[in-house]
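A.B. asks: below: sequence and its predicted model.
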Amino acid sequence: MSPEDLKRRRPVWDAMSDLFLDTETRWDVPLVARICADSDYDDATLERIFWVEVFPEAIPNMLSIFGEWGALDLPEASLISRAKLGRMPWVRQYLWGRMVKSEWRAALDITRWLRPLDKDRRTQLVDALRLCGRRYFEAPDEPLFGVSQEDVDAVREIMADIWPRYEPLCRSMLLKSETPAQAARASAVRRLIDAAASPSLLKPQHPQD
């Protein structure tokens, strides 16, 4: 692998590996898609990078009792070797691929949405999708810590346009135990988009002294 190829590959490896962290990763799926879109790799190449190169190295973290939740430090030499000679790990993919399949499918779909856009529009769309995702995957009636009214206002129009398209992807990433509440989750996103979003959903409320 040439230095140029390696420079192009590293951010894609890092972004994809985030889907294997032992923490909530679903609202960051658009960030993974952004790196994939910026790489200019086509769908087939991204599929191979994910399943042949990253998946075999990263899936042990999801199978560990003490999984890493911050960032994975995958061995570069192993990734390079898999990029050159690796084969699709069919058995492991069959056994454990479902643990990341829906998130990866969503990331690839969003990558396709981002490709035709310029840099600024990609940033706006990713910001809007992440806000929708945070509201959807966090408890619908709890405050969104670290999100201001200005953050919402900056992308509200984009959120309104993209949410009908993004909702099915969010729904596809729900766990079975979460599906009964999918209507409530979607309603919470629509409330965030509509009119003046309730401040109580954006920041914690402190009792008066």
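C.D. replies: Noted; the coordinates are in hand. Numbering: from 1, shown residues only.

A.B. asks: how about the strands in this protein?
C.D. replies: Here the chain has no strands by DSSP state E.

A.B. asks: looking at it, which helix or strand is least sure?
C.D. replies: helix 90-96 (a mean of 87; mean pLDDT, DSSP states H and E).

A.B. asks: residues in contact with that helix?
C.D. replies: 51, 55, 56, 59, 62, 63 (Cβ atoms under 8 Å, 6 or more residues apart in numbering). Every residue, glycine included, has its C-beta placed from N, CA and C.

A.B. asks: how does it look with 6 Å?
C.D. replies: residue 59 (Cβ atoms under 6 Å, 6 or more residues apart in numbering).

A.B. asks: give the buried residues for it.
C.D. replies: 93, 96 (16 or more other Cβ atoms under 10 Å).

A.B. asks: what separation is there between the residue positioned nearest the centre of the chain and residue 100?
C.D. replies: The centroid of the chain falls nearest to residue 29 when counting by Cα atoms, centre = their mean (0.8 Å). Distance, residue 29 to residue 100, by Cβ to Cβ, to the nearest Å: 11 Å.

A.B. asks: and residue 147, backbone torsions?
C.D. replies: The phi/psi pair for residue 147 (degrees, to the nearest 10) reads phi -110, psi 120.

A.B. asks: for burial, what's the neighbour tally of it?
C.D. replies: Neighbour count for residue 147, taken as other Cβ atoms under 10 Å: 18.

A.B. asks: repeat for residue 74
C.D. replies: 19.

A.B. asks: and it, how far from residue 111?
C.D. replies: Distance from residue 74 to residue 111, by Cβ to Cβ: 20 Å.

A.B. asks: show the model's pLDDT score for residue 204.
C.D. replies: Looking at residue 204, its pLDDT is 46.

A.B. asks: who touches residue 141 in this structure?
C.D. replies: Residue 141 neighbours (Cβ under 6 Å, 6+ apart): none.

A.B. asks: offset the numbering so it begins at 288, please.
C.D. replies: Got it, the first residue is 288 from now on, which makes the last one we talked about residue 428.

A.B. asks: what mean pLDDT does the longest helix along the chain get?
C.D. replies: The single longest helix within the chain, with elements called by DSSP state H, is helix 436-459. Here helix 436-459 scores 92 as its mean pLDDT.

A.B. asks: I'm done for today, thanks for sticking with me.
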